[in-house]
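**Student:** from the sequence below, what's the structure:
(2 chains)
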Amino acid sequence: MEATNGTPQSKAGDWRSYERVLLPPVKDLHRLEVYEQHGGYDALRTVLTDDSLTPGDVTQAVKESGLRGRGGAGFSTGMKWSFMPEPDDRPRYLACNADESEPGTFKDRQLMEYNPHLMFEGILIACYAMQIDACYVYTRGEYVDWIDHMQVELDKLYDKGYVGDNIMGTGFSTEIVMHKGAGAYICGEETSLLESLEGKRGYPRYKPPFPAQKGAWSQPTTINNVETLACVPLIVNRGAEWFASTGAEQHPGPVLYGISGHVNRPGVYEYPTGMLITDLIDEVAGGVRGGKALKALIPGGASVPPLRADMIEGVTMDAESLREAGSLFGTGGMLILDEDTDMVSWLRRVTHFYQHESCGQCTPCREGTGWLEQIVTRIDEGEGRLRDLDLLLELGDQMEGRTICAFADAAVWPVRNTVKRFREEFEAKCKKSVHPTGAEVSAGAETAA
Amino acid sequence: MSQFNVKRPIVGLPEQDPEPQFSDDELVWTDDEQAKIERWKGQYPDPKAAIMNVLWLAQEKFGWLPPEVIQLCADTLDMDYARAFGVATFYTQYYKEEQGEYVLDVCTCFSCQMMGGYDIFHYLEEKLGIHDGETTDDGTFTLKEVECLGCCGSAPMMQVSNGPYVHNLTKEKVDQLIENLRAGQMPTFTSVTLPQDEDEMGGNRRTDVQPEQVETYQTPPRAEATE
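**Tutor:** Numbers count the residues shown, from 1 in each chain, chains lettered A, B, ... in the order given. From the prediction side, this is the model:
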């Protein structure tokens, strides 16, 4: 957080006059004809036909742009691409992660509906940069309408020779296949997505070997989020410097904020990264519903720690600022909760979600998520004891880092931080402890938070 | 105290040898379906990867996936029954039990919970006289409590029969929906506009959807069930 004269500063610059690039205001942009009229597939043409631009140069440009994955982990995309081994006789795959199952996140669906060609163009450029043979767009099964819409546009691309053999007559060939999931949160995890793509139960795999070495069908594979790939044509068209200078320095670029919860104007908004959270809530989303005060904010989907209202002053929406504030950027799907919210009841539903979605492969997660739900439910129903709060925290320690994938960690973070940051609410719902002497022990006396 | 207790069915073990629901004559693919399957098989380095597509196809054809249908899918792709069964049971959208004509998947995950997802869910429970996972006596509706469907901005919402989404639900909207479904009328695809589009280009950016198919993000209603 940089403050001048004590006033919190946005890193998004003059965001009020920001012109959208991921979802520009163009009617029918989802149709190939319109997309091409507005400079669509120019970036792909440049990349494929400009002989001075090697695949390595494209990866380098993405690396220099500072683009970080928009699917939650925020890892450098250029770096990820460079992990792919040198091309040999093995087939190479790209998986576009359109599973979007993180609760609180609904941005990719809007991108797939309104600007799918930006995603397809990004996929094709990524395929060129990494010399990929086939890209699988793994979309969650619930998004059946959007899969159909994208298939229509994809067929047009095949007809036009932009996908398939000998793209644009340049001799470069790659395929794009739409793959429909069938309802499993865990398939948003990259190795689970690959298992599912291979037609198996979506059990995450051990890493290493990382997907770049052994991914889909044991071949080199890269997995990128929809929004991440949609940023790629922008980097080619406008240059890595432009991208790097948009938004927060360490986490640059345009980003889709999905704002939901108790606000007057929820929705998906495109702005640069590094927006002040207070600007996003008060100005962009029209303030908290009914003029109420803010109680809590979940900045990036279910798996990130919630922030109390007094923790967001001067915090901006980028990885560094949010980490300092004690949370994570995640997917940029912000859930805003007003002062009337019952955090215990909220957490109870969060733990139910994780209990329901745990794939069941690792014992600490399969059993632990059930325990978490049962303990939080007990507290919520007024049957809990103060020591249950410590049991929750201890249970979290037993789960975190002891499983194959990060699902257990993601289940623990909201629990641990909600209990710590809203402890008085949990204590108020617990039964009062009675000391052996008969004296009532006041709430909070058992342990210091 | 939160009143979002949901009566969840006790899930028993599946029967070892259930009565087949479909006869051998029914358990065949048409030429069209076979062509689709061949196309899918060609899309993956290992044709077995098409199992998810084939299960989807089978579910569209037969309505649900009893063992003999899963066996058909497995045979089609020349794979073990156990593996196909494993896939069918891992993913929630594959129906392992017979469903009503319309399946109402009400999102109650915490974003929707905070906006009244449980108000809608309980309202439907009362209206249809069924609980989570149950089907009405006339076989018309199955009600389900589901996890996040990726529409947190237009919460509360639901999905009808693994198909169209219905956004910004109110009790009136639910009444209307049930009435329409009873008359055999499925909701149509709805396009949710972006707030920035409303400011910059007067709302909907798609000219290929009808005005009645357009929905805007709205100030969410107050949730009763969690207060």
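
**Student:** helix, strand or coil for the closest residue to residue B:171 other than its chain neighbours?
**Tutor:** Leaving aside its chain neighbours, residue B:171 sits nearest to residue B:123 (5.5 Å; criterion: Cβ to Cβ, 6 or more residues apart in numbering or on different chains). C-betas here are computed from N, CA, C, even on glycine. Secondary structure, DSSP: H, G, I helix; E, B strand; the rest coil: residue B:123 is helix.

**Student:** how much space between residue B:123 and residue B:116?
**Tutor:** To residue B:116, residue B:123 is 9 Å away according to Cβ to Cβ, to the nearest Å.

**Student:** what does residue B:44 give?
**Tutor:** From residue B:44 over to residue B:116 the distance is 42 Å, taken as Cβ to Cβ.

**Student:** which SSE is the nearest residue to residue B:131 once chain neighbours are set aside in?
**Tutor:** Nearest residue to residue B:131 in three dimensions, chain neighbours excluded: residue B:7, at 4.4 Å (Cβ to Cβ, 6+ apart). Secondary structure from DSSP states H and E places residue B:7 outside every helix and strand.

**Student:** tell me which of residue B:123 and residue B:116 has more neighbours.
**Tutor:** A side-by-side neighbour count of residue B:123 and residue B:116, using other Cβ atoms under 10 Å in any protein chain shown, places residue B:116 first with 24 against 18.

**Student:** quick one: that one and residue B:174 touch, right?
**Tutor:** No - counting by Cβ atoms under 8 Å, residue B:116 does not reach residue B:174; the two are 11.3 Å apart.

**Student:** tell me which parts of the stretch 51-200 of chain A are close to chain B?
**Tutor:** Contact residues (Cβ under 8 Å from any Cβ of the partner chain) of the stretch 51-200 of chain A with chain B: A:91, A:100-106, A:108-110, A:113-114, A:140-145, A:175, A:177, A:179-185, A:196-200.

**Student:** try 6 Å
**Tutor:** A:100, A:103-104, A:106, A:109, A:141-142, A:145, A:177, A:182-184, A:198-199 (Cβ under 6 Å from any Cβ of the partner chain).

**Student:** just for the stretch 1-150 of chain A, where's the confidence low?
**Tutor:** Across the stretch 1-150 of chain A, the ranges flagged by pLDDT under 70 are A:1-6.

**Student:** please repeat the previous calculation with a cut-off of 50.
**Tutor:** For the stretch 1-150 of chain A, applying pLDDT under 50 flags the ranges A:1-4.

**Student:** kindly report the same for chain B.
**Tutor:** B:1.

**Student:** tell me which residue is most central in it.
**Tutor:** residue B:162 (2.9 Å; Cα atoms, centre = their mean).

**Student:** with adjacent residues omitted, what lies nearest to that one?
**Tutor:** Using Cβ to Cβ, 6+ apart and skipping the chain neighbours, the partner closest in space to residue B:162 is residue B:93 (5.7 Å).

**Student:** show me what contacts the one you found?
**Tutor:** If you count contacts by Cβ atoms under 6 Å, 6 or more residues apart in numbering or on different chains, residue B:93 has them with A:141, A:182, A:183, B:162.

**Student:** now do the same contact list for the second one.
**Tutor:** Translated: residue A:182. By Cβ under 6 Å, 6+ apart, residue A:182 lies in contact with A:141, B:52, B:91, B:93, B:94.

**Student:** shouldn't residue B:214 be in contact with residue B:191?
**Tutor:** Yes - counting by Cβ atoms under 6 Å, residue B:214 does reach residue B:191; the two are 5.4 Å apart.

**Student:** the more surrounded of the two?
**Tutor:** Between residue B:214 and residue B:191, counted using other Cβ under 10 Å, the more crowded position is residue B:191 (20 against 15).

**Student:** in stretch A:72-91, what counts as buried?
**Tutor:** Judged by neighbour count using 16 or more other Cβ atoms under 10 Å in any protein chain shown, the buried positions of stretch A:72-91 are A:72, A:73, A:74, A:77, A:78, A:80, A:81, A:82, A:84.

**Student:** which of the residues you listed sits closest to residue B:36?
**Tutor:** Among these, residue A:84 lies closest to residue B:36 (Cβ to Cβ), at 32.5 Å.

**Student:** how far away is that closest one from residue A:367?
**Tutor:** Distance of residue A:84 to residue A:367, given as Cβ to Cβ: 37 Å.

**Student:** and if you look at residue B:188?
**Tutor:** Residue B:188 is 44 Å from residue A:367, by Cβ to Cβ.

**Student:** spell out which parts of chain B neighbour chain A.
**Tutor:** B:2, B:43, B:45, B:48-49, B:51-52, B:86, B:90-94, B:109-111, B:113, B:147-153, B:189, B:194-196, B:200-201, B:205, B:207, B:217, B:219, B:226.

**Student:** return the residues in contact with residue B:58.
**Tutor:** Counting by Cβ under 6 Å, 6+ apart, residue B:58 makes contact with B:69, B:73.

**Student:** could you look up the SS state of it?
**Tutor:** helix.

**Student:** returning to what we had before: so which of the contacts of residue A:182 is the most crowded?
**Tutor:** Top of the contacts of residue A:182 by neighbour number is residue B:52, holding 25 neighbours under the definition other Cβ under 10 Å.

**Student:** contacting residues for that one?
**Tutor:** Per Cβ under 6 Å, 6+ apart, neighbours of residue B:52: A:182, A:199.

**Student:** C-alpha coordinates for the helix or strand where it lies, PDB please?
**Tutor:** Assessed by DSSP H and E, residue B:52 sits inside helix B:51-62. Extracted in PDB, the C-alpha atoms of helix B:51-62 (Å, rounded to 0.1, in the frame of the first residue of the first chain):
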ATOM      1  CA  ILE B  51     -16.600 -41.700 -21.900                       C
ATOM      2  CA  MET B  52     -17.800 -38.400 -20.500                       C
ATOM      3  CA  ASN B  53     -19.400 -37.500 -23.800                       C
ATOM      4  CA  VAL B  54     -20.900 -40.900 -24.200                       C
ATOM      5  CA  LEU B  55     -22.400 -40.900 -20.700                       C
ATOM      6  CA  TRP B  56     -23.900 -37.500 -21.500                       C
ATOM      7  CA  LEU B  57     -25.400 -38.800 -24.700                       C
ATOM      8  CA  ALA B  58     -26.800 -41.900 -22.900                       C
ATOM      9  CA  GLN B  59     -28.300 -39.700 -20.200                       C
ATOM     10  CA  GLU B  60     -30.000 -37.500 -22.900                       C
ATOM     11  CA  LYS B  61     -31.300 -40.700 -24.600                       C
ATOM     12  CA  PHE B  62     -32.400 -42.700 -21.500                       C
END
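
**Student:** now that helix, how far from the chain's geometric center?
**Tutor:** The chain centre lies 14 Å from the centre of helix B:51-62; the measure is Cα atoms, centre = their mean, to the nearest Å.

**Student:** let me know the next secondary structure element after it.
**Tutor:** Moving toward the C-terminus from helix B:51-62, the next helix or strand (DSSP H and E) is helix B:67-76.

**Student:** which neighbouring elements make contact with the helix or strand that comes right after that next one?
**Tutor:** Remark: after helix B:67-76, the chain's next helix or strand is helix B:81-90, criterion DSSP H and E. Applying 3 or more Cβ pairs under 6 Å, 6 or more residues apart in numbering or on different chains; DSSP states H and E, we find helix B:81-90 packed against helix B:51-62, helix B:67-76.
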